[in-house]
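>>> predicted model follows, preceded by the sequence.
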Amino acid sequence: MPIIRYKNGDMARASSERCSCGRKLPVFKEVIGRTGEDIYLPEGKKIQWNVLKGAMNHNLIRQFQLVQNPNASLTVKYIPEQIDKVNEIEEVLKKRFQTLLPSSFSISYKVVPNIPTATSGKTKLVISHYKPTVSQD
């Protein structure tokens, strides 16, 4: 099946094989993930979006979005599976983020009723509004 939307944020590996249908268009071997925005600490260090995404994996979190604010702080928006487990969820998240981010980094947690989708129809997992002055990629 031809892909019509080229800029959908998905990443894939190309294949050298031909499509079994006989078309001569390029073929994907496998879908390997999705692109996203990284978080930058004020001193310029980059934290990759997929590392942050991994910290959010929890069976009590239905959906989430990490937003880096213009002042570099991070807002963790999430929809819990059970509203009475919010304290438990946030304690787990605090411990996980302690290993990824410096203790001086400001993080707030916010329970939200929904997380809007982008114009692509997909939910952006990490959004950054922070513009670092120094980058140490």
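Looks like it arrived, so ask away. Numbering: from 1, shown residues only.

>>> and the lengthiest helix in the chain, what does it pack onto?
In terms of residue count, the longest helix belonging to the chain (DSSP state H) is helix 86-100. Under the contact criterion of 3 or more Cβ pairs under 8 Å, 6 or more residues apart in numbering; DSSP states H and E, helix 86-100 touches helix 49-55, strand 74-80, strand 107-111. Heads up, the C-betas are built off the backbone N, CA and C, glycines and all.

>>> so what touches the shortest one?
Applying Cβ atoms under 8 Å, 6 or more residues apart in numbering, the set of residues contacting strand 107-111 from outside is 73-80, 83, 86, 90, 93-94, 97, 101.

>>> got the CA coordinates for that strand in PDB?
The C-alpha coordinates for strand 107-111 follow below in PDB (Å, rounded to 0.1, in the frame of the first residue of the first chain):
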ATOM      1  CA  ILE A 107       8.900  19.300  37.400                       C
ATOM      2  CA  SER A 108       5.200  19.600  38.100                       C
ATOM      3  CA  TYR A 109       2.500  17.000  37.600                       C
ATOM      4  CA  LYS A 110      -1.000  17.700  36.300                       C
ATOM      5  CA  VAL A 111      -3.900  15.300  36.000                       C
END
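
>>> so for the very next helix or strand once past it, mean pLDDT?
Counting by DSSP states H and E, the next helix or strand C-terminal to strand 107-111 is strand 126-128. Strand 126-128 shows a mean pLDDT of 89.

>>> quick one: list the elements packing against strand 126-128.
strand 39-40, helix 49-55, strand 61-68.
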